[in-house]
Structures are given as C-alpha cells and as structure tokens.
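# Okay, structure incoming, though there's no sequence with it:
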C-alpha cells in the first residue's frame, strides 16, 4: 500500500523539477534574446516599415517613413509618431523565443519552425497594433486613443503570445499520439 504514495510523491518532485527547469530556462533565454535584440535597431525598422504598410492596407492612410536618428518616425497628415523600443516588439519576440525554446520536451526542429512562424505572427499583430494607434491619433480621437494604445499593448503582449504558444504546443500532441499508436 505504500508504493502508490511513494510514486505519487516521486511524480510531484519530478513535476516540480521540470517546472523549475522550464521557468529557469524561459527566463534565461528571454533575457538573452532581449539583450541580443537590444544591440540592434532592426526590430524598430521592421516595426516602422510593417506599420506603414498596415496604415495603407487597413486604413488607406498615406504616411512617410523618416529614418533620421536612433528611432524611425512615421509621419501622417496630422501626426509624427516615433517607433521606440517598446513599439518594436523586442519584448514580445524575446518572450516568444524564451517560451518556445524552453519547451525542451519538443524536438529542436519543431521549436525552430514554431519560433519562425511566431515571429511572422508577432510582426503582423505588432504592425496592426501600431497602425491602429497611429490612425486614431491622426484622426484626432485623443480622448480614448491613449487608453486604446495601452490596452492593445497589454493584449498583444499577453493574449497573442499565450494563444500562439498554446496552439503551437498542443498542435504537436495529436501527431505524437498517432505516431505512438501506429508503432
């Protein structure tokens, strides 16, 4: 009768170890990715270019991209918006890198593909987020645009990353189960 209790306790210890390993790896990898991304201005430039495209495609708003100084600027008829580090998606990309590559139970190839697809998803959502904010600032809806900006930033950071990760993580499980059952 003592064997099941001992196994259950051993399973709890094992799960606690795996959780600690995942969280530690996630934090270390996210920090590493953020530090690497902080060494370059490329994420800011990509965010500026894709946001300018999103302004045209979704809002039919012409804008000019000004590459003068450390941060790119997007100029619309009524606004000059600076794309700073918080706008660039560096934090989101670092979190995405950390969470996917900390999923050590997944094959490395699957993690690489998942991260690359995640980068595309993040870039698209980030461009739409920035373009939406710029558009509403440009049309003069100042009363609620700041709140919209803060809401979209938090939603983007939490909901998009968590949803993408869940889809990516659980997409692989049915394929693994079908491989096991066929062998």
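Now that the structure is in, tell me what you want to look at. Predicted, not measured: the structure shown is a model, and the values here were computed from it.

# how about the helices of the chain, start to end?
Counting by DSSP state H, the chain has helices at residues 2-38, 42-59, 85-88, 90-101, 108-138, 142-155, 161-182.

# Which one, of these, ends up nearest to residue 77?
helix 108-138 (6.6 Å; C-beta to C-beta). Where C-beta positions appear, they are placed from N, C-alpha and C, glycine not excepted.

# Counting by contacts, list what the closest one packs against.
Judged by 3 or more C-beta pairs under 8 Å, 6 or more residues apart in numbering; DSSP states H and E, helix 108-138 is in contact with helix 42-59, strand 73-76, strand 79-82, helix 85-88, helix 90-101, helix 142-155, helix 161-182.

# quick one: low-confidence parts of this structure?
1-9, 11-13, 173-183 (pLDDT under 70).

# Repeat the analysis, applying 90 as the threshold.
Filtered on pLDDT under 90, the chain yields the residue ranges 1-18, 68-70, 85-87, 129, 133, 136-160, 171-183.

# residue nearest the centroid of it?
Centroid-nearest residue in the chain, with C-alpha atoms, centre = their mean: residue 92, separated by 3.5 Å.

# show me the residues around that residue that make contact.
122, 126, 156, 157, 160, 161 (C-beta atoms under 8 Å, 6 or more residues apart in numbering).

# Kindly indicate which of the residues you listed lies nearest residue 169.
Nearest member of those to residue 169, counting by C-beta to C-beta, is residue 161, at 11.9 Å.
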